[in-house]
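> sequence and predicted structure, then a few things I'm wondering about:
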Amino acid sequence: MTREIIAILRGITPDEAAPICEALITAGISKIEVPLNSPKPFESIAQMVLMAGKDALIGAGTVLTPDDVARLSDIGAHMVVSPDTNPEVIQATKAHDMLSYPGVYSPTEAFTALRNGADGLKFFPAFKLGTDGFAALSAVLPDGVKTYAVGGVGPANFADWQAVGITGFGIGSNLYKPGRDLRDVAQRAADMVAAYDESFSA
């Protein structure tokens, strides 16, 4: 089973990057992003890229400009996650042969993202959209589009989102936040993976 969980490591520092990355991969999470409003994010991402090799897709979140996309490509990142639907960022991401996951909330944003080459859609804030809102919106999306709920999601509601057809999740503070112990993050990751497997194995 390919687990569509994107770990969002907002606030991580370079000295934590490799150990946290290793713990997440060991738990079964293979998509990891460092938001660019974290301390020295490009340094952390570069360390994770080296540590992970082919075992995980490493990228950045909160990517707002094509210049940031180019810099990510230079350090070997694999994916770009944004809080908004910016056609220039999506197009730059695809031009650099990386995966593009822009943030969307409405049908207009979703289709704008897809027309510009997005590989998947990040529905944010998911807790405001809700499963009913997502179910209604997803009815008009093309078959096979990858969709991720981000914001206010976790093991307790994985099954609810799976029931309305979500592909996966972006998990931030439920998994990692600054100051959290490595063992705590590792246990949260293991619990997250177990809940995902239970919800999506049926």
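Looks like it came in fine. Numbers count the residues shown, from 1 in each chain.

> same question for the strand or helix carrying residue 136, mean pLDDT?
Take DSSP states H and E as the rule and residue 136 turns out to sit in helix 126-138. The pLDDT scores in helix 126-138 average 97.

> which residues are contacting it?
With CB atoms under 8 Å, 6 or more residues apart in numbering as the test, helix 126-138 has contacts from 105-107, 110, 123, 147, 149-153, 160-161, 163-166. For the C-beta atoms, the positions are set from N, CA and C on the backbone; glycine is no exception.

> so which bits of the helix ranked longest in the chain are buried?
In the chain, assigned by DSSP state H, the helix with the most residues is helix 182-200. Buried positions in helix 182-200, judged by neighbour count with 16 or more other CB atoms under 10 Å: 185, 186, 188, 189, 190, 192, 193, 195, 196, 199, 200.

> next: stretch 98-112.
Applying 16+ other CB under 10 Å to stretch 98-112 flags 98, 99, 100, 101, 102, 103, 104, 105, 109, 110, 111, 112 as buried.

> likewise for stretch 159-166?
Under 16+ other CB under 10 Å, the buried positions of stretch 159-166 are 161, 162, 164, 166.

> what do you get for stretch 145-158?
Neighbour-count burial for stretch 145-158 [16+ other CB under 10 Å]: 145, 147, 148, 149, 150, 151, 153, 154, 155, 157, 158.

> from these, which ones fall inside strands?
Counting by DSSP state E, the part of these found in strands is 147, 148, 149, 150.

> the first one and residue 124 touch, don't they?
So the one you mean is residue 147. No - between residue 147 and residue 124 there is no contact under CB atoms under 8 Å: 11.3 Å.

> show me the shaky parts of the chain.
The chain contains residues with pLDDT under 70 at 1, 202.

> mind jotting down where the helices sit in it?
Secondary structure of the chain, counting by DSSP H: helices at 14-27, 41-52, 66-74, 87-95, 107-115, 126-138, 158-163, 182-200.

> among these, which is nearest residue 33?
helix 41-52 (8.5 Å; CB to CB).

> chain center to the closest one, what's the gap?
Relative to its chain's centre, helix 41-52 lies at 16 Å (CA atoms, centre = their mean, to the nearest Å).

> can I get it in CSV, CA atoms only?
What follows is helix 41-52, C-alpha atoms only, in CSV (Å, rounded to 0.1, in the frame of the first residue of the first chain):
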residue,chain,number,x,y,z
PRO,A,41,14.5,25.5,5.5
PHE,A,42,16.7,24.9,2.4
GLU,A,43,19.5,23.6,4.7
SER,A,44,17.1,21.2,6.4
ILE,A,45,15.7,20.0,3.0
ALA,A,46,19.1,19.4,1.6
GLN,A,47,20.0,17.3,4.6
MET,A,48,16.8,15.3,4.3
VAL,A,49,17.4,14.7,0.6
LEU,A,50,20.8,13.3,1.3
MET,A,51,19.5,11.1,4.2
ALA,A,52,16.5,9.8,2.4
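
> can you name every helix or strand that it contacts?
Packed against helix 41-52 by the contact rule (3 or more CB pairs under 8 Å, 6 or more residues apart in numbering; DSSP states H and E) you find helix 14-27, strand 31-35, strand 57-61, helix 66-74.
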